[in-house]
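Participant: what follows is a predicted structure for the sequence shown.
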Amino acid sequence: MPPTPSSPAPAAAITSLQQKIWHGSLPLEIRLAAADCRTYDQSDPYLIQYPRLSYLAFLLPRLHAFFSSNLIDAETPPHSAWLDFEGVPLKWHYPLGLLYDLYSGAEPVHLQRGGGGHPHEDTRGSTAQHQVPRAGDTEGDHHEVLPWRLTIHYSEFPVDQLIPLDGEGKALQDSFVNAVKEADFIRNGTARTVMGLSMEDSEKLWRSVQTHDLQLFNSVNIKLLNPPGMELRHVPVKFYLPTSSATDPAGADTIPEETKAAGHVRVVQSLIPLQLPSKQPQTLGTALNSVLPSIFPSRRNPLLAQPVLHGAAVPMGANLAELGRAAGYLDGFLHVVVVMLA
């Protein structure tokens, strides 16, 4: 049986959660790779508190300016750089928060053990001060040490794992726009809404991503979430699985995958309606049970794995449509990381 749905979340609560998620950030410590440093490994690190929702590619001009005096080849253009975490190249089109949830090994903040409830009931995992602890913090289950330590390279670009960027930023923009179109098509069964945006709105949307401007973003995103004369059909969701679960013999391999990503991550998608056949609201638990039944045999409780979004363990009873409005990434998708439980 599906979880019993509670009353819809008020609009103010959804707005509040979205604001908290937009304020979520991570402290980064970025070091220059020894192979690109003329003083070997003696360059100072670049330190920054960076939004979880944003993309690392936007940092490249600042990183190049910071490390240029230490580069073996100072003429190397900023966009030729790439970053890795412990040898795993980080994909440009994945937002920082998703990359961290996938690869850092950090324990998620637990909003509500045992599932149930709305996404607004406890939003600690979406706030900058609670989403990830500072170095030395001993709160709860957290054991990671921050800042997140990354390495930037200016040579040996991993062409088999990353798409090269360009100096004008068109590659990243095109990737983002294509994702927004995909999300719109999933929601409506057509991409007419996003394709019908004026040039001014399209430019506003991209500028809001570049500048991390929530007000500017919402001025366009509200049009995508409320298309005139159309009824939303599905919630755009992508589930990210570790290799151990992606090769699960109990049936996960029968689900189409988007790609085998770097760092042994599998991306799984399926059309997830807003409502169940019983007309009850779709919850995260019912969606996971439908798409990944071998990993989520229960609709109510995370028995074998835990869904993680924006650094937080998400209640299985969270209304998926409300979660999509409040906690979607900038491209319109819910990027949910599946963490296997020991």
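Facilitator: Nice, I can see it.
Participant: the strands in the stretch 201-342 of the chain, which residues?
Facilitator: Assigned by DSSP state E, counting those that start in this stretch, the stretch 201-342 of the chain shows strands spanning 237-242, 257-261, 265-268, 305-309, 312-313, 334-340.
Participant: now those in CSV, with mean pLDDT?
Facilitator: Formatted as CSV, the strands of the stretch 201-342 of the chain follow (pLDDT from 0 to 100):
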stretch, mean pLDDT
strand 237-242, 93
strand 257-261, 44
strand 265-268, 92
strand 305-309, 96
strand 312-313, 96
strand 334-340, 96
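Participant: do you know the pLDDT at residue 131?
Facilitator: On pLDDT, residue 131 comes in at 35.
Participant: actually residue 10, not the one I wrote
Facilitator: pLDDT for residue 10: 80.
Participant: quick one, phi psi at it?
Facilitator: Phi and psi for residue 10, reported as degrees, to the nearest 10, are phi -70, psi 150.
Participant: so where's the stretch 151-300 of the chain shaky on pLDDT?
Facilitator: Across the stretch 151-300 of the chain, the ranges flagged by pLDDT under 70 are 243-263.
Participant: picking that back up, nearest to residue 71, out of the strands of the stretch 201-342 of the chain?
Facilitator: strand 257-261 (29.0 Å; Cβ to Cβ). Every C-beta, even on glycine, is put in place using the N, C-alpha and C of the backbone.
Participant: check which helix or strand covers the residue of the chain positioned farthest from its centre.
Facilitator: Residue farthest from the centre of the chain, counting by Cα atoms, centre = their mean, is residue 39 at 35.5 Å. Following DSSP states H and E, one finds residue 39 outside all helices and strands.
Participant: gap between it and residue 174?
Facilitator: Applying Cβ to Cβ, to the nearest Å, the value for residue 39 to residue 174 is 37 Å.
Participant: list the buried residues of stretch 189-200.
Facilitator: Across stretch 189-200, burial judged by 16 or more other Cβ atoms under 10 Å covers 191, 193-194, 197.
Participant: hmm, who's touching it?
Facilitator: Under the criterion Cβ atoms under 8 Å, 6 or more residues apart in numbering, residues 180-182, 184-185, 205, 220, 223-224, 227, 230, 233-234 lie in contact with stretch 189-200.
Participant: on the three-state scheme, residue 26 is what?
Facilitator: Secondary structure, DSSP: H, G, I helix; E, B strand; the rest coil: residue 26 is strand.
Participant: could I get the pLDDT score of it?
Facilitator: pLDDT for residue 26: 97.
Participant: again, but for residue 117
Facilitator: Residue 117 carries a pLDDT score of 41 in this model.
Participant: that older thread, so what's the residue farthest from the centre of the chain closest to, chain neighbours aside?
Facilitator: residue 70 (6.0 Å; Cβ to Cβ, 6 or more residues apart in numbering).
Participant: hmm, that neighbour is touching residue 45, no?
Facilitator: No: judged on Cβ atoms under 8 Å, residue 70 makes no contact with residue 45 at a distance of 11.2 Å.
Participant: work out for me the element residue 167 sits within.
Facilitator: Residue-wise, residue 167 maps onto no helix or strand under DSSP H and E.
Participant: check contacts around it.
Facilitator: 77-79.
Participant: can I get those in CSV with secondary structure and pLDDT?
Facilitator: Output for these, formatted as CSV (DSSP: H, G, I helix; E, B strand; the rest coil; pLDDT from 0 to 100):
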residue, secondary structure, pLDDT
77, coil, 96
78, helix, 97
79, helix, 97
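Participant: can I have the buried ones of these as a PyMOL selection?
Facilitator: Only the buried members of the contacts of residue 167 enter the following PyMOL selection, criterion being 16+ other Cβ under 10 Å:
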select buried, resi 78+79
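Participant: in a markdown table: the contacts of residue 167, plus distance to residue 299.
Facilitator: A markdown table is the format used below for these (distance: Cβ to Cβ, whole Å):
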| residue | distance to residue 299 |
| --- | --- |
| 77 | 50 |
| 78 | 47 |
| 79 | 45 |
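Participant: which of the contacts of residue 167 lies closest to residue 209?
Facilitator: Checking these against residue 209 by Cβ to Cβ gives residue 79 as the nearest, at 17.2 Å.
Participant: please give the element, helix or strand, for the residue nearest the centre of the chain.
Facilitator: The centroid of the chain falls nearest to residue 98 when counting by Cα atoms, centre = their mean (3.4 Å). Using DSSP H and E, residue 98 sits within helix 96-103.
Participant: likewise residue 48?
Facilitator: Per DSSP H and E: residue 48 is located in strand 46-51.
Participant: ok, then the element right after that strand?
Facilitator: Once strand 46-51 ends, the next helix or strand along the chain (criterion: DSSP H and E) is helix 60-67.
Participant: so what's residue 332 up against?
Facilitator: Residue 332 makes contact with 179-180, 183-184, 187, 221, 224, 236, according to Cβ under 8 Å, 6+ apart.
Participant: how about 7 Å then?
Facilitator: 180, 183-184, 224, 236 (Cβ atoms under 7 Å, 6 or more residues apart in numbering).
Participant: circling back: neighbours of the nearest residue to the residue nearest to the centre of the chain once chain neighbours are set aside, how many?
Facilitator: Ranked by Cβ to Cβ, 6+ apart and with sequence neighbours excluded, the top spatial neighbour of residue 98 is residue 335, at 4.7 Å. As a burial measure, residue 335 scores 23 neighbours (other Cβ atoms under 10 Å).
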